[in-house]
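J.: Any chance you can model this:
(one chain, ligands or ions: 1)
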Amino acid sequence: MSTATPVIRIVDSPEALASEAAKDFVRLARESALAEGEFSVALAGGSTPRRLYELLASESFSAGVAWSQIHFFWGDERHVPPNHADSNYRMAFESLLAKVPVTQQQIHRIEGENPDAWQAARAYEERMVQHFGLVEGAFPRFNLMLLGLGSDAHTASLFPGTDVLTEQRRIVAAPWVEKLRAFRITLTPPAFSAAENVIFLVSGQDKTEAVKAVLRGEFQPGRFPAQLIRPRDGSLTWLIDRAAARHLDA
Ligand code: 6PG
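T.: This next block holds a predicted model:
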């Protein structure tokens with residue numbers, strides 16, 4: 001087992017970013033379905049992946065996907081109900097899941113409506129234990145984990161300076177994020193790093209400093225949490241558009 005070296009792919013535009021990611025998704029879905037009869041993916045929240053989800057639902061990509069073999073999870077969720085404008089589930093549902101032939105049994109959302117965020121985290125953890133048949137202390141091995149990057153170098157809901165950054169045992173946690181004055185529900189660093197393939201999608205000029213700090217800076221995960229995502233036995237890809245990659249080689 002070894003830690004993956006990141007593969008960095010720089011593309012011209014946000015549209016090219018979505019299209020490259022859609023091609024990767026389709027290829028990985030096909031490979032996993034052939035090898036395992038199932039493709040498990042943890043979707044990313046935020047706004048960047050919306051175009052990817054729309055493309056996947058479009059005729060040109062959708063026709064090449066065995067939708068019935070996919071199980072959808074999320075890497076993180078906001079502490080809001082599923083119909084809330086901020087819900088990561090809602091964004092993925094509207095842009096993708098409502099438009100493709102998948103059943104409720106294939107959609108494993110985080111219950112952000114639970115008033116107790118820790119209870120939602122434990123319920124989600126239990127759902128993964130059941131789905132993946134995990135033994136005590138094991139982490140799920142997602143075929144694909146999609147992630148975004150914040151301009152403060154957070155990813156999923158792993159924010160700078162929060163306790164969850166040092167979590168080693170749990171699969172899911174519910175960190176309090178002081179700057180948002182809110183709980184989030186998120187997979188933990190070892191859970192992300194257990195994935196078979198991790199793909200970061202990063203777009204826009206406001207991400208240039210974060211991209212540079214995470215990929216070229218000293219290892220300081222307390223400040224740059226995305227540095228913690230290091231698949232131990234899997235691939236790590238950074239898909240970055242030109243605007244976000246501007247300072248990468250400076
Ligand atoms: C969330 C995310 C978060 C997101 C980044 C980037 O729930 O907000 O999972 O980590 O991916 O903040 O967000 P944008 O794509 O909106 O820039």
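
J.: Name the SS class of residue 153, please.
T.: coil (DSSP: H, G, I helix; E, B strand; the rest coil).

J.: For the closest residue to it other than its chain neighbours, grab the count of nearby residues.
T.: Counting by Cβ to Cβ, 6 or more residues apart in numbering, residue 153 lies nearest to residue 224, which is 3.9 Å off, once chain neighbours are set aside. For the C-beta atoms, the positions are set from N, CA and C on the backbone; glycine is no exception. Burial of residue 224 is recorded as 22 neighbouring residues (other Cβ atoms under 10 Å).

J.: Who are the contact partners of residue 224?
T.: With contact set as Cβ atoms under 8 Å, 6 or more residues apart in numbering, residue 224 has these partners: 153, 160, 210, 213, 214, 217.

J.: 6 Å instead?
T.: By Cβ atoms under 6 Å, 6 or more residues apart in numbering, the contact list for residue 224 reads 153, 213, 214.

J.: Can you give me the distance of it to the ligand?
T.: To the ligand, residue 224 is 13 Å away according to Cβ to the nearest ligand atom, to the nearest Å.

J.: And stretch 106-114, what's buried?
T.: Using 16 or more other Cβ atoms under 10 Å as the test for burial, stretch 106-114 gives 106, 107, 108, 109, 110, 111, 112, 113, 114.

J.: out of those, which are inside strands?
T.: Assignment to strands by DSSP state E places none of the buried residues of stretch 106-114 there.

J.: Within reach of the ligand, which of the residues you listed are there?
T.: Applying Cβ under 6 Å from any ligand atom, the subset of those adjacent to the ligand is empty.

J.: phi, psi of residue 40?
T.: Backbone dihedrals for residue 40, given as degrees, to the nearest 10, come out at phi -110, psi 130.

J.: Compute the distance between it and the ligand, please.
T.: For residue 40, the distance to the ligand equals 18 Å [Cβ to the nearest ligand atom].

J.: The protein: strands as residue ranges?
T.: Assigned by DSSP E, the chain shows strands spanning 7-11, 39-43, 70-74, 76-78, 144-147, 172-173, 176-177, 182-187, 197-202, 235-241.

J.: Which one of those lies nearest to residue 119?
T.: Residue 119 sits nearest to strand 182-187 of all the strands of the chain, at 9.9 Å, using Cβ to Cβ.

J.: okay, the angle between the top helix by length along the chain and strand 197-202?
T.: In the chain, taking DSSP state H as the definition, the longest helix is helix 14-36. Going by axes from the mean of the first three to the mean of the last three Cα atoms, to 10 degrees, helix 14-36 is angled at 170 degrees with respect to strand 197-202.

J.: Could you name the helices and strands sitting against helix 14-36?
T.: When contacts are defined as 3 or more Cβ pairs under 6 Å, 6 or more residues apart in numbering; DSSP states H and E, helix 14-36 sits against strand 39-43, helix 50-57, strand 235-241.

J.: tell me the mean pLDDT over it?
T.: Taken as a whole, helix 14-36 has an average pLDDT of 97.

J.: which parts of it are buried?
T.: Within helix 14-36, the residues scored as buried using 16+ other Cβ under 10 Å are 14, 16-22, 24-26, 28-29, 32-33.

J.: do stretch 54-73 as well
T.: Buried, per 16+ other Cβ under 10 Å, within stretch 54-73: 54, 55, 56, 57, 61, 62, 65, 69, 70, 71, 72, 73.

J.: Which of these lies at the shortest distance from the ligand?
T.: Nearest to the ligand out of the buried residues of stretch 54-73 is residue 73 (Cβ to the nearest ligand atom; 12.7 Å).

J.: That closest one contacts residue 109, correct?
T.: No. Counting by Cβ atoms under 6 Å, residue 109 is not a contact partner of residue 73; they are 8.1 Å apart.
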